[in-house]
Each structure stands twice: as structure tokens, then as C-alpha cells.
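In: No letters, just coordinates:
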């Protein structure tokens, strides 16, 4: 009764539409099966908002409350190929940021190390010349693009931190061009044709979620995608979506036999991060066959066919947008915090975590 | 040269076949793409074993070394339905253990709480009468079945630990009938029709891998399957396979709209545990529509349709054996430690874990 009265007073004060237009739909809280671990429709008003969300939205836009993050936004993933000339790759990316914004993207993510072909196919000290400080010339242009197009931007860079100290780093720019922060790749791979341990010092900033105009955004990088710990630690900071700029592909001689299974495992584990944490996941890979050609300096070896296949998954692990294996494209998907809330209520995994028992996860092995 | 000489001496001493029959195939260590994150064939001899494995196997069977765990074994999953009479369910399970053994299973797993219909559809203090101490009358019969059929057995039980203190517990029996240990379900769900927090005290033994004649076996239970932490902590103890006895199903009114996505999310996250940890995963669910009928004591509510769909995934997340949604059946799949080793070498995730940075996983939220 008190609630009803308070609501009535608010309605009068704010001249909101009558309560029945944004009343909580009782069925939202009706008995349902945990069996279902229900992905169910949110109860929404005719305007597509629940009552509380409508109120928040009204207060926010009416200037009566400080700005709140939006209830939803469009993520834009730029799946692109990379040529031998770094400046051309950067210019292409800047154009594509505008293209993504024109399609309605509000948060845009580029692939890993998009300014060059994947140079880690060999160990060549001369290639450290590709690295730049942050902030630096590239981040200036990226920040300007974010500001010009009004988009939050995740851009992967080869960071020069000090002489002899380099990182594989994601920079997060807000929609006004401000650099919100950086994430330095924590898990560094090293395998034939992926000699990353030669180039990149493991990150020392930990896992991070960044405050942006679209709310909290997580940024991780490629090899991180195989580690549930990185996803968990980013999600626990409040990220609503985890972005994974990536450079992964097929070894030509193995593609026929193992290619499909490799791609499926990669997609599966990242969809699982979405499910385990109740977050969206956006994975942005490059496409194209590359020899690591950087201004004519080509790597020995057979080259790599980057498998594209960028995608966005919702907190239920369902794929909302799916890229091809061989074409440049821009993927768009809506990140809807109402859906995220609904799915987490129906799959309350965070409620039951046994945090008293997880400490040994910091062991190398329990032997 | 020293190696060659030592090998020659061993060959003479042990009267093994000549070295060329079990020599390491050089191609196993040839350059390959990390891109591929290769699932590749193990280099094997004509007998299907690598040199070192053949040597170990020979030494083991010749009695010149202590027994080593086998290089491979067959897992058998008993997907079954459960009726109103607990004693009948137990007898059915005992028969099925023999059936699985006859099919070649060496490690057998039963579904969660297979002795009853899923009674947690309501909160009824009288149902605590179903619980039994461990060891107790049921474990005696299960141990005898394990010994009789020579199989390692994972059996889920309603454990009475003390008056007013009950657990959802998996007992692990070795192939000689010895009780190797118990695992008490760590993550306890509570949702409409899944009122487990009423019945089960959260486990206090942590996550566990058990030493058996088939090597290290992990046992977790149902709701644990949504937590990457539980899978990781069990795998870090050396488990080669994680078993998940399970009772999960559809709420009839939601099945048409959400059923497929729910099942897919459940399967996806468990396949991801296999991928992340380089282990096999075996998930054993019940089938059938149930009203929680225990000797005629029926739960209110609409009942649950348990979705079966038991499966075994390999360390690459590939499904090796797949159960139906609606039939009782016994699934068999080979757990091959040579394949596990090969996949982990090609996907060296354990190598690069950032154990210096994972401690905050023990936080409820990082806010």
C-alpha cells in the first residue's frame, strides 16, 4: 500500500504516464522452473520498458537525476583484413569506425594488432620499431575518430612502454575521445608462427572493466579467451560485455582435418564465458591469408589463414551476430541490460559461488 | 648417443621388440601452427603406442615396475529414469552397472540421486528419511556391484551425516569395491521446483579428484557444472575426466520456447570445461517426466521433464557419445591419456595461467 502511494506521488510529481503503462508484470515473478534455468521474456510495458526502467529512463532524460548508463547499446565489431602497409591499415580502420557508427554502433571494437599483418610469425628484433607509446600518434587518431563519430572504441595496439619493454595492449576510448584506460594482455601465447612471448611482456595491470558512456566494458585479448579466470575477473568488476580483439587462424596444412573442430572449440569456450558470467561477449578476429608481410619484410614459413568468424553472444550463449570466415564485414548486435538482468535472475550463478573454496585456483597445479 | 645406448640395453634386458617399432615419430615434434591450436594425431607405433608409452606398458604388465594407471579406459554413463520406489531404482541401477561392464565400461557413472524421483520439487521434512549414512546400506550394495563387475563407480547419494545435517554426495568406489572417497556437492541451487538449499548443506570437502585403478577421476554434481572454478580445481588435481551426475530438466510450459537454448547452454559450458582444462567430461542426466513421486507422496506443481542428453566430450570439446532426450541408455566412450597429452601439448593453456593475478576470484564481486 505504501508502495502504491509512493508511486502515485511520483506519477503526479513527474507527470509520468499512468502506472498501468509501466506496472511490473506480475507474471515476471511467477513460479517457474529452475529446471528451465529460464531464459524468459522480460515483462515489459507497451513502450518496451519495465516500470523501474521507465522511471529511471524518464528521470535520466528529464535532467532530474545524474546521467545513468543507457539500458542498451549497439556493439559494432569490425572484422577486417590487414595489408603490408601499417598506415593503410590504420586509415582503413578509421574509415570502418565511421561505417560502424553510421550503422548505429555505439561501442566499436577492432581486431587484435589491426595496424599490421600478424608479424609474430617470426622473431625479428627490427619489428619492435612498429611499437608506439600510449598515448602516441596512433592513439591520437583513434581518439579523434571516437570523438568524431561519438563511439566508445576498443583498439588493440603494440605498446612501447620503455626501451626493451613492450606490451600487447588494448586502449579504450570513450565516445568523447577520452582515453579511459588500457588493458595489457595478460596471457601470452608462444607456439610455432605465434611467437608472442618474444615481443610482448605479460600484462601487469590485471583484468579490467572500463567506465564508459555505455557503462562498464571489459577488454581482453586473444589468448585470454581460453582462460575462464580472465572472463570471471572482468565480469566481477561489472562489465556487461567482454570484448576479445583476436588474431587466430588456421595453419594451411591442418585446416582440412582440424579446422572445423578448432574453430568450434574457440567459439564454444567464449560462448561459455558469456553463460558462466551472465554477460555479453564480442569477439573480433581478422580475415585473410597472411605471410606476416610488413612493408615487404615477409616471415618465413607457410603463412596463416586467419579464420574471421567474429561473433557476439548474449548472456545465454546464443549467437546474436556471426561473421564469415573470409570476408571483411561489420557486425552489429544489441547489448540489452534488461535482458542481462533477466537472464541472471533466472540463472543465478553469481549467487552460489563458493568463494570460500576457490583460493587454490592461484596454484600452478595441485599436486 | 647415450640415449641410444640406454635404449639398446633396455631392449636387450627386456626383450622388447626392436626400437624401430616404438621409436618416437619425429613428425610429432615438427613445426606446427599455434594457430591451429592443433588437435593432431599422436605419433604412434604400429601397435598404437608411442615409444615411451609402449615401454611403460611393457614394464607395467611384465611386473618389473609397480602398476601404473592404464593409458586408456572406457567410461560408461547410465542414463536412466527413476520411479516412485527407491528400492526398485537402486536395483535397476545395480543391473545397469553390470550391463555397462558387459559393454566394456571400466568407469561407470550413475545420474544424480538416482534412487528416487527428484524429490526437491517441494520442501518436505519427511523426505529427509530418504537419506542414508555413508557407508550405509546403499553403499554396501553399490560397492558389491563395483567389485562384482570390476568397475570404478561414481554414485550420487542423499547423505545423512548427522541429525539435521545432510549432503548431496557422490561416492567413488574403486573396481575392487573399496570406497575411495566422497565428494559433497559444493554449489547448491535453489529455484522453484529445485529447492535444494532446503535439503542439502553445502559441501565442506572442497573439489576432489580420486585415485582409482583407472587413474585420477573427478566427481562434481549438477549445479557445479555452471562454475568454471569447480572444473579447474578438480582438473588441477590431475583428474583426466570430470564426471557430472545431474538432474536437470524442462519446465513443461517453457520447453517449446526456451528448451533448445537451455539444453545448448548446459552442454556448451561443460564442453568448455573440457577445452579449458584439457580433460574429458562425462555428464550423466536422468530422463522422464517426474512429479517427485516418492512412494506415492507427490509434489505439488506441474512436474519436470528431465532432458537426458548425457554426453562425453574429449579435451577438445568434441562430443564422443551423445544420449537422447527421452530414452534410457548406456553411453560408452574411450578416455585416452595419449590423446589428452597430445591435445594439451598443442593447446598449452596450463602453461600460461597467470596465477599471480587470480586471487580476486575469491571475491563475491569486485565493486
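Out: Cool, the structure landed. Just so we're clear, the structure is a prediction, and the values are computed from it rather than from any experiment. Numbers count the residues shown, from 1 in each chain, chains lettered A, B, ... in the order given.
In: Look up how far residue A:94 lies from residue A:150.
Out: Residue A:150 sits 14 Å away from residue A:94 when distances are taken as CB to CB, to the nearest Å. Placement of C-beta: from N, CA and C, glycine included.
In: wait, residue A:121
Out: Residue A:121 is 26 Å from residue A:94, where distance means CB to CB.
In: one step back: ok, residue A:150 and residue A:94, which is more surrounded?
Out: residue A:94 (16 against 13; other CB atoms under 10 Å in any protein chain shown).
In: how would you label the more buried one: helix, strand or coil?
Out: What DSSP: H, G, I helix; E, B strand; the rest coil gives for residue A:94 is helix.
In: wait, doesn't it sit right on residue A:143?
Out: No: with contact defined as CB atoms under 8 Å, residue A:94 does not count as touching residue A:143 (11.0 Å).
In: what's the helix or strand for the nearest residue to residue A:181 once chain neighbours are set aside?
Out: Closest residue to residue A:181 apart from its sequence neighbours, by CB to CB, 6 or more residues apart in numbering or on different chains: residue A:210 at 5.2 Å. Following DSSP states H and E, one finds residue A:210 within strand A:209-212.
In: For the helix or strand that that strand is followed by, give me every contacting residue.
Out: Heading C-terminal from strand A:209-212, the first helix or strand you meet, by DSSP H and E, is strand A:215-219. Residues from elsewhere that reach strand A:215-219 (CB atoms under 8 Å, 6 or more residues apart in numbering or on different chains): A:69-70, A:73, A:107, A:152, A:154, A:170, A:172, A:183, A:207-210, A:234-235, A:237-243, A:245, A:279, A:337.
In: tell me the domain boundaries of chain A?
Out: Here the domain parsing of chain A from automatic domain parsing is A:2-62, A:72-355.
In: on that earlier part again, buried ones only from the contacts of strand A:215-219, please, as a ChimeraX command.
Out: Only the buried entries of these go into this ChimeraX selection, using 16 or more other CB atoms under 10 Å in any protein chain shown:
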select /A:73,107,152,154,170,172,183,207,208,209,210,234,235,237,238,239,240,241,242,243,245,279,337
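In: Just the ones of the contacts of strand A:215-219 in strands?
Out: Applying DSSP state E to the contacts of strand A:215-219, the entries found in strands are A:73, A:107, A:152, A:154, A:170, A:172, A:183, A:209-210, A:241-243, A:245.
In: Dump these into CSV; add pLDDT as well.
Out: Listed next are those as CSV, based on pLDDT from 0 to 100:
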residue, pLDDT
A:73, 98
A:107, 98
A:152, 98
A:154, 98
A:170, 98
A:172, 98
A:183, 98
A:209, 98
A:210, 98
A:241, 98
A:242, 98
A:243, 99
A:245, 98
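In: any idea which of those residues is the one closest to residue B:313?
Out: Closest approach between the ones in strands among the contacts of strand A:215-219 and residue B:313, by CB to CB: residue A:242, at 23.2 Å.
In: nearest spatial neighbour of that closest one, skipping sequence neighbours?
Out: Spatially, and ignoring its direct neighbours in sequence, residue A:242 is nearest to residue A:218 (4.2 Å; CB to CB, 6+ apart).
In: picking up where we left off before, can you tell which of the domains of chain A is closest to residue B:296?
Out: Comparing the domains of chain A against residue B:296 with CB to CB, the closest turns out to be domain A:2-62 (22.5 Å).
In: helices and strands around the helix or strand harbouring residue A:140, which ones?
Out: Using DSSP H and E, residue A:140 sits in helix A:137-149. Judged by 3 or more CB pairs under 8 Å, 6 or more residues apart in numbering or on different chains; DSSP states H and E, helix A:137-149 is in contact with helix A:86-102, strand A:152-162, strand A:165-173.
In: Tell me the buried residues in it?
Out: Using 16+ other CB under 10 Å as the test for burial, helix A:137-149 gives A:138, A:139, A:142, A:143, A:145, A:146, A:147, A:149.
In: Tell me how many other residues crowd residue A:259.
Out: Neighbour number of residue A:259 under other CB under 10 Å is 18.
In: The residue in the stretch 151-300 of chain A positioned nearest to chain B pairs with what?
Out: Using CB to the nearest CB, the closest approach of the stretch 151-300 of chain A to chain B is made by residue A:191 at 2.3 Å. Beta bridges link residue A:191 to residue A:194 when assigned by DSSP bridges.
In: my read: it touches residue B:348, true?
Out: Yes: assessed by CB under 8 Å, residue A:191 is found in contact with residue B:348 at 7.5 Å.
In: For these two, work out which one has more neighbours and name it.
Out: Neighbour tally, residue A:191 and residue B:348, criterion other CB under 10 Å: the higher count belongs to residue A:191, 22 against 16.
In: biggest helix in chain A by residues?
Out: Ranked by residue count under DSSP state H, the longest helix found in chain A is helix A:252-277.
In: residue nearest the centroid of chain A?
Out: Centroid-nearest residue in chain A: residue A:243, 1.5 Å away (criterion: CA atoms, centre = their mean).
In: Does that residue touch residue A:220 like I think?
Out: Yes: here residue A:243 reaches residue A:220: they are 7.2 Å apart, a contact under CB under 8 Å.
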